[in-house]
Every structure is written in structure tokens, then in C-alpha cells.
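*Asks:* Quick check, what structure comes out for this input:
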Amino acid sequence: EVQLVESGGGLVQAGGSLRLSCSASGLAFDDYAIGWFRQAPGKDREGVSSISSGHGSTSSTYYADSVKGRFTISRDNAKNTVYLQMNRLKPEDTAVYYCRTVVRLTEYWGRGTQVTVSS
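*Replies:* Residues are numbered from 1 along each chain as shown. Sure, this is the predicted structure:
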């Protein structure tokens, strides 16, 4: 069974940094893209960043305009983990952050990790 587990969230002041981790099991990790999404209270879930399958040196990445230049996604295939380094955090980054993958047309989501940025 595919499982995704997020960690690394917390409370941080505006301008601070956090690194989120998404640990995966039950899949050939190298073969699958992983995405980060977030959902703020009263808002729809939105895509934040994603990284394609493959080894780190050849993976392509995507960033939403709202986080471009502040967030960096990376993957460590040896650890079955994708990271989201979040710098210069803003109060509007406050949300529950989820990671997601699709395996054989089935979506899998983690339970999320809360990120709260105080002003």
C-alpha cells in the first residue's frame, strides 16, 4: 500500500524558514512524481510545487508563482523522501501542506502538516 507522510510543519515568524518532508513507502519511489499542495482555512487546495520522477540531477520542477524564488523542492531517492524548503515565509503561506502522488491512475495523499506563519 502506498503511504505518504508529511512532517516538518510548525509555527514560524514571517521571514523565517521551514523544511517540510514527504516520506513515501509502498512504491518504486524513483519512478513517480511528487507534488506539494496546501489548503488554507476557507480556501480551496492549491498546488505549490512538484518534482518529476527520476534522479535528482535530472528531475524537473514546478513552482506556483506565489512561492517562486522562496521555495525549493528536491528529492532524495535513497531515502524515499521529497523535501520542500520554504524560505522568507509570509503569513499568507499559512496552511496545511500535503504531498501527493499518482500511482497507476490512483491518487495518494498524506494527512498533511500544519504551517503557521505569524506576522
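
*Asks:* Could you list every helix and strand that the helix or strand harbouring Tyr98 packs against?
*Replies:* Here Tyr98 sits within strand 95-103, counting by DSSP states H and E. For strand 95-103, the packing partners by 3 or more C-beta pairs under 8 Å, 6 or more residues apart in numbering; DSSP states H and E come out as strand 3-7, strand 18-25, strand 34-39, strand 106-109, strand 113-118. In this view, the C-beta of every residue, glycine as well, is placed from N, C-alpha and C.

*Asks:* and it, what's its mean pLDDT?
*Replies:* Strand 95-103 carries an average pLDDT of 98.

*Asks:* Can you tell me the number of residues neighbouring Ser25?
*Replies:* A count of nearby residues for Ser25, using other C-beta atoms under 10 Å, gives 11.

*Asks:* Kindly reformat the helices and strands packed on strand 95-103 as JSON lines and extend each row with distance to Tyr63.
*Replies:* Converted to JSON lines, the helices and strands packed on strand 95-103 look like this (distance: least, C-beta to C-beta, whole Å):
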{"stretch": "strand 3-7", "distance to Tyr63": "18"}
{"stretch": "strand 18-25", "distance to Tyr63": "14"}
{"stretch": "strand 34-39", "distance to Tyr63": "10"}
{"stretch": "strand 106-109", "distance to Tyr63": "20"}
{"stretch": "strand 113-118", "distance to Tyr63": "16"}
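
*Asks:* Now do Gly56, the pLDDT please.
*Replies:* So, for Gly56, pLDDT stands at 54.

*Asks:* same check, this time on Gln114
*Replies:* 98.
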